[in-house]
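> compute the structure for the input listed below.
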Amino acid sequence: MFKQFISAIPGADVYMIGSFLTFFAFFLLVGLYLFLADKRHMQQMSNLPLDESSEV
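Residues are numbered from 1 along each chain as shown. Okay, the predicted model is just below:
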């Protein structure tokens, strides 16, 4: 059923490939950011809501 709708649209394969590459690039960049991020900063930010001594 889905294949019939997609085959009726000319150039739909370009949009599907483009959306897949955008999706893949976004999650690849987020993964790299999380892998390369400063771990001490991440720990400090995760403890921030529980830290009573910090003033805003």
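
> how about the secondary structure of the residue nearest the centre of the chain?
Taking Cα atoms, centre = their mean as the criterion, Phe27 is the residue nearest the geometric centre of the chain, at 3.8 Å. Three-state assignment for Phe27 (DSSP: H, G, I helix; E, B strand; the rest coil): helix.

> now it: how far from Phe5?
26 Å (Cβ to Cβ, to the nearest Å). Just so you know, the C-beta spots here come from the backbone N, C-alpha and C atoms, and that holds for glycine as well.

> one more: Tyr15?
Separation of Tyr15 from Phe5 (Cβ to Cβ): 13 Å.

> overlap in contacts, those two.
Residues touching both Tyr15 and Phe5 by Cβ atoms under 8 Å, 6 or more residues apart in numbering: none at all.

> re the thing from before, in contact with the residue nearest to the centre of the chain, which residues are there?
With contacts taken as Cβ under 8 Å, 6+ apart, Phe27 has no neighbouring residues.

> please read off the pLDDT at it from the model.
Note on Phe27: pLDDT of 97.

> so where do the helices sit in this structure?
Remark: helices assigned in the chain by DSSP state H are 2-8, 12-36, 39-47.
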